[in-house]
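*Asks:* predicted model and sequence below, questions to follow.
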Amino acid sequence: MIIYNPALDQIQPRIHGPWYKDIADSARERLTQANVIGLLGAFVALACLLGLPSDQYWNVRIPLYLTVTIWTLIRPRVALYLLPLAIPWGSLDTITGSLTSADILVALLAASWLMSYTLRPLIARGGIYLGALDYEEAAVPWYLTLTMVVFLLTTVISMAVAFSLTDSVKEIVKWTEVLVLLMLGTKYLRTRRQIWTIVVIMCLAGLSQALLGYAQAFLNLGPASFVRDASLRVYGTFGQPNPYAGYINITLALAIALLLLGRNWATRILSACTAIPLAGVEYYSQSKGGWLAIGAAVIFIVAVGFPRIRGLLYTAFIVVLCLIGAYLAGKIPSHLIDPILTKIGVINISFTNPSPDNYANSERVAHWVAGIHMFVDYPLLGVGIGNYQYAYPTYHPGIFVLPLGHAHNYYINMAAEAGLLGLTAFILFLLAIFVVGGHAYRTISKGYQQLKAQRFKLQAIETMVESYHATRRFGMLKNDRALAIGLLAALLSVCIHNLVDNLYVHAMTNLFALLLVLLIRLGEVPNHLDTSF
């Protein structure tokens, strides 16, 4: 690599050592005394929350909450950095009812932004705004904001027929937090480094949950109801294997995208060190919906990231469709396929006498049927947002009399709770998300392709400085392109998994919003070289 030395007014070669030495040098640069003390303090606080008796929690909570509150009010971006940790671990720190630290962080982010208007004269220095005013007027695309607001309005309207207003309010607050994160997160994330900092924190949070999952698997730490085929389904801090698998898939999709499409071996090795343990714990979750979702995410990453092999994917897709058609037409002997489908739990569904292999699927289908019947009876407004479980006893089929809290398919669940208005608004919101994501990816990809062509053109000696900067930006954009594909794959995995479950629990809506914020900002600051934290 070459660099320009202004002291000598000439271009000099820059000699790099092995990739592992570059990583060590970079780590040494960032392991400052303040960072190390802060990291150790975070581990001590987490250890206290995990190890102290419940009657002693407040001895740690009060100073911890005060510290985070002051820190977030002074620098609101801290809330965005802490959210990836608070979302999976928030269940260990439930304040009252379903209120967790993730909800508090969103509230503090909003409070700090509101306070910034009052404090504007006090926190500006020389025309440069600091702290709560350190944001850009980054506009969320109008159609995304419109669909989000319309969706919230439909949920509010559905409260008119709700059995429990308390549960309706909880759901509305949950989606209001998504709107707050979209509007403010896009303002406070100003640089590329800030975006990648959150990505790294997401990966560390995912790895921490993976370690907990392995401990549960190897030490059999879980209820007997989670045992399947003589092995325990791991569940992390989520209480259930399926949302845990959905959470793991988000980080796993990011890691796989960076592993396959990253700029260099250092990026790929670090991504592999993240992806491998996450893939293992995903397997231990034994979540069929999770496996389906990560499979779709990987296909998406390969199809978008490697355009040259799309023809093979199209051919494979056509072959699969032909096999399904041949099976349905009776051209393939059923005795070859039926045992597999029975084991998976796709066929022989029974609401009165399910077998051990298809009990879970029969229960899931029972909730689908109940949700569809609710929608048929209340097609316009549904039974009230957040009220599926109260209406379920009237609609339950067969032996499945106990409600599971949702329809095990979020789209059916939305139709049942908010009717046609809510379902239509929600689908439009999802479509807007992928339109925004596609636009961000195209922006990054266009810059990547332009710089790729520019690198080969700048070969003359007199353009070495330009070539160096183009090479640097090219490497950045290559990683940004990989991250954009990973973010889209993560969002897609949530949407696919929601076909057989409900992942919008445990503050996962906030993580979904954070993924979208990262994608929007990544498309707007692809060439930003500022490294401010």
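*Replies:* On my side now, so go ahead.

*Asks:* quickly find the element holding Tyr448.
*Replies:* helix 410-457 (DSSP states H and E).

*Asks:* just list what that helix packs against, helices and strands only.
*Replies:* Helices and strands touching helix 410-457, by 3 or more Cβ pairs under 8 Å, 6 or more residues apart in numbering; DSSP states H and E, are helix 142-158, helix 359-377, helix 388-395, helix 464-497, helix 508-524. For every residue, glycine as well, the C-beta is placed using N, CA and C.

*Asks:* mean neighbour count, the ones you listed: which tops it?
*Replies:* Most buried of the helices and strands packed on helix 410-457, by mean neighbour count (mean count of other Cβ atoms under 10 Å): helix 508-524, with a mean of 24.

*Asks:* got the angle between the helix holding Tyr448 and helix 508-524?
*Replies:* Using axes from the mean of the first three to the mean of the last three Cα atoms, to 10 degrees, the inter-axis angle of helix 410-457 relative to helix 508-524 is 20 degrees.

*Asks:* for Lys187, see how far away the closest residue to Gly523 other than its chain neighbours is.
*Replies:* Nearest residue to Gly523, sequence neighbours excluded (Cβ to Cβ, 6 or more residues apart in numbering): Ala440, at 2.8 Å. Here the criterion is Cβ to Cβ, to the nearest Å. By it, Ala440 lies 16 Å from Lys187.

*Asks:* the two: which is more packed in?
*Replies:* A count of neighbours by other Cβ atoms under 10 Å puts Ala440 above the other of Ala440 and Lys187, at 24 against 20.

*Asks:* how near is the more buried one to Asn249?
*Replies:* 21 Å.

*Asks:* which other helices and strands contact the helix or strand containing Ile318?
*Replies:* Ile318 belongs to helix 310-328 when assigned by DSSP H and E. Where contact means 3+ Cβ pairs under 8 Å, 6+ apart, helix 310-328 is packed against helix 288-305.

*Asks:* report the buried residues of the helix it packs on.
*Replies:* 288-294, 296-298, 300-305 (16 or more other Cβ atoms under 10 Å).

*Asks:* ok, now which ones touch the closest residue to Phe512 other than its chain neighbours?
*Replies:* Leaving aside its sequence neighbours, Phe512 sits nearest to Val494 (Cβ to Cβ, 6+ apart; 6.0 Å). Neighbouring residues of Val494 by Cβ atoms under 8 Å, 6 or more residues apart in numbering: Gly246, Asn249, Ile250, Ala293, Leu503, Met508, Phe512.

*Asks:* do you know how far the last one is from Arg193?
*Replies:* Separation of Phe512 from Arg193 (Cβ to Cβ): 23 Å.

*Asks:* avg pLDDT for the helix or strand that contains Thr197?
*Replies:* Following DSSP H and E, one finds Thr197 within helix 192-219. The average of the pLDDT scores along helix 192-219 is 94.

*Asks:* right, and the helix or strand after that helix?
*Replies:* Using DSSP H and E, the first helix or strand after helix 192-219 is strand 227-228.

*Asks:* adjacent strands (with direction) for the next helix or strand after that following strand?
*Replies:* Counting by DSSP H and E, the next helix or strand C-terminal to strand 227-228 is strand 231-232. Its sheet considered, strand 231-232 pairs with strand 227-228 (antiparallel) by DSSP bridges.

*Asks:* out of the contacts of Val494, which comes closest to His373?
*Replies:* Leu503 (23.5 Å; Cβ to Cβ).

*Asks:* quick one, what contacts that closest one?
*Replies:* Per Cβ under 8 Å, 6+ apart, neighbours of Leu503: Asn242, Pro243, Gly246, Tyr247, Tyr410, Val494, His497.
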